[in-house]
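Asker: Okay, here's the prediction I keep looking at, along with the sequence it came from:
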Amino acid sequence: MNLCAVGIEEALTFTLAQMERDTLVQVEAALARLEAGHSGACFECDAEISDIRLRTKPFAVRCIP
């Protein structure tokens, strides 16, 4: 493997780790909202987030009209 490929692989690994960390933070925040009884409401318009959206992305904070 050449030096350029190693750099790209390291950058990709770093980016994937960041994405996993960000997702974990979002999931932890969703669990905190659930425990506080504030889950399911859109942060922008306060409308209820649909069950389908929450099943697809349980940590969603915005509805999709």
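Answerer: Arrived safely.
Asker: What residues sit buried inside the helix or strand containing Val6?
Answerer: Element membership of Val6 [criterion: DSSP states H and E] is helix 3-36. Neighbour counts over helix 3-36 (16 or more other C-beta atoms under 10 Å) mark 30, 33 as buried. For the C-beta atoms, the positions are set from N, CA and C on the backbone; glycine is no exception.
Asker: Quick check: what element follows that helix along the chain?
Answerer: With elements assigned by DSSP H and E, the helix or strand that comes after helix 3-36 is helix 51-56.
Asker: In space, not sequence, find me the middle residue of the protein.
Answerer: Nearest residue to the geometric centre of the chain (C-alpha atoms, centre = their mean): Thr23, 4.0 Å.
Asker: List the contacts of that one.
Answerer: Phe59 (C-beta atoms under 8 Å, 6 or more residues apart in numbering).
Asker: thinking again about what came up before, any idea of the mean pLDDT in the helix holding Val6?
Answerer: Helix 3-36 shows a mean pLDDT of 90.
Asker: Going forward, the N-terminal residue is numbered 757.
Answerer: New numbering, starting at 757: the last item is helix 759-792.
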